[in-house]
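Enquirer: need a 3D model of the following:
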Amino acid sequence: MLSRVPKKLIASTIKPGLKGILNESQVRQYEEDGFLVLKNVLPAHIRDNLVRWADELEAKPEAPGKWMKYFEVDKMTGKKLLCRVENFLPFYNDLKELSYGLINDMSGDLFREDSVIYKEKINFKFPHGNGFTAHQDQPAFVSFGLKKLLTVLLPIDPNTRESGGLDFAYAWHKSREIMPQNSDGGIRTDLEARMNWFPIDATAGDMVFFDSYSPHRSDINYSTFTRRNLYLTYNPLSDGSYREKYYIEKREKFPPECERDPNKDYSEGARVFNVANPIK
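Expert: Residues are numbered from 1 along each chain as shown. Purely as a prediction, here's the structure:
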């Protein structure tokens, strides 16, 4: 199941708008399975800086109108733990260049048409940090009627079974439908039990692309280190560009804690922007 991006690809059948970074076999594998794992393909200057950038984002104070920090609660200690940071590309030029350049082009190859970035996030899973129940991402992308999106995972720290690495279910994306859900937005438990789950262990330098309808899940972090993953989500450019609109809507309907009105109920926004995760 593991694939590697070739250093150089010469193809005479590349369609207009496609960059030909991924080959036809890799694209078909993604289309068949709903996910694609590429080992050790991230440029070294990005790979080697991921930890520093994540550390900086973790240390940054909550700042209304800038990066967006979300938290969970440690069930053992009751302590508030950072769970996610979003809207940080404007503050990291190298990461912005990669997101709008190489990875955008690779995503276009998987769409078989030009793509554009939709959103970005880093998930922080501290020791004892909770897992994400089995879910599809598509229910969180309903705001603008988009039906075709993909996300690329860039591991910052080792994704292992102990640290709460991700599992993906083969080929369940093909129906292009949102599956029946539990009350938390996760896939109904009886359906999850029927799926063929593939565990992915990954390290910095790897990339994992997955379809917005592809079921995935992760466990509690039982390790002694924080497992951080960077996620970049894309949609076909032909459907429009929504990144700015997405963050405007999220700030209104499910803002970070430092921007919340204590007299306002955000439960409706949580149903879209807080699917199957431990964020409070």
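Enquirer: and for Phe225, the neighbour number?
Expert: 13 (other C-beta atoms under 10 Å). Placement of C-beta: from N, CA and C, glycine included.
Enquirer: just give the nearest non-adjacent residue to it, would you?
Expert: Once flanking residues are discounted, Phe225 sits nearest to Asp157: 6.2 Å by C-beta to C-beta, 6 or more residues apart in numbering.
Enquirer: residue contacts, that neighbour?
Expert: Val51, Ser163, Ala204, Phe225, Thr226, Arg227, Arg228, Asn229 (C-beta atoms under 8 Å, 6 or more residues apart in numbering).
Enquirer: of the residues you listed, grab the buried ones for ChimeraX.
Expert: To isolate the buried members of those in ChimeraX, using 16 or more other C-beta atoms under 10 Å:
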select :163,204,226,227,228,229
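Enquirer: could you work out the most separated pair of the contacts of Asp157?
Expert: Val51 and Ser163 (14.4 Å; C-beta to C-beta).
Enquirer: coming back round to it: of the contacts of Asp157, which is the nearest to Asp94?
Expert: Val51 (13.6 Å).
Enquirer: list the contacts of the closest one.
Expert: Counting by C-beta under 8 Å, 6+ apart, Val51 touches Ile156, Asp157, Ala204.
Enquirer: can you tell me the element the second one falls in?
Expert: Read it as Asp157. Under the criterion DSSP states H and E, no helix or strand holds Asp157.
Enquirer: how near is it to Lys69?
Expert: 18 Å (C-beta to C-beta, to the nearest Å).
Enquirer: residue ranges with poor pLDDT in the chain?
Expert: 1-18 (pLDDT under 70).
Enquirer: show me where it has strands.
Expert: 2-3, 35-38, 68-73, 80-86, 115-125, 132-135, 150-155, 166-169, 197-199, 207-211, 216-218, 227-236 (DSSP state E).
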